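Student: I'll drop the sequence and a predicted model, then ask my questions.
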Amino acid sequence: MSMRLQVVMGEGEYGEIRAAAERRRMNVSEWVRIVLRDARERDARAKAPAVREGRPPYGEARTPFPGRVRIELDVKEDLLEAVRERYHLSSPRAAVEYALARAAVRPMSKDEALAMQGAGWEGNLDTLRSGDPGAAW
């Protein structure tokens, strides 16, 4: 037997819910049913004794250095030493930080870009730039 649920809310909140449903190509009632079902399942899992008792302490990670993350790495020693020697770095930590910063921030060099040549893309940039997207495919 189906039941009807009526919910009173402001226009703004309803608009947000409607937009969320449209993004998933659903109508509002379908989206609300899914969200309510998920909430019910989360609530049931939270009440389960095994989950409640063994729950890890979620929350903010507390480190002595704000904005930093503590991780454990398993890195080949020869690679680490090669980075330290090449860039004259004093410690393994400095080598890892340097390598991460270089990989995250530094733009690709010409040699690296050329090494990617033939990486699997078979398009034509001139055709893409012509403005006819159908011709590129």
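Tutor: Received it, and whenever you're ready, just let me know what you need. Residues are numbered from 1 along each chain as shown.

Student: which helices and strands sit right next to the longest helix along the chain?
Tutor: The longest helix of the chain (DSSP state H) is helix 28-47. Under the contact criterion of 3 or more C-beta pairs under 8 Å, 6 or more residues apart in numbering; DSSP states H and E, the helices and strands touching helix 28-47 comprise helix 11-23. All C-beta atoms are positioned from the backbone trio N, CA, C, and that covers glycine.

Student: pLDDT of the helix it packs on, averaged?
Tutor: Mean pLDDT, helix 11-23: 86.

Student: same check, this time on stretch 129-137
Tutor: Taken as a whole, stretch 129-137 has an average pLDDT of 59.

Student: same check on stretch 96-107?
Tutor: On average, stretch 96-107 scores 75.

Student: what residues of that stretch count as buried?
Tutor: Residues of stretch 96-107 classed as buried under the neighbour-count rule (16 or more other C-beta atoms under 10 Å) are 96, 99.
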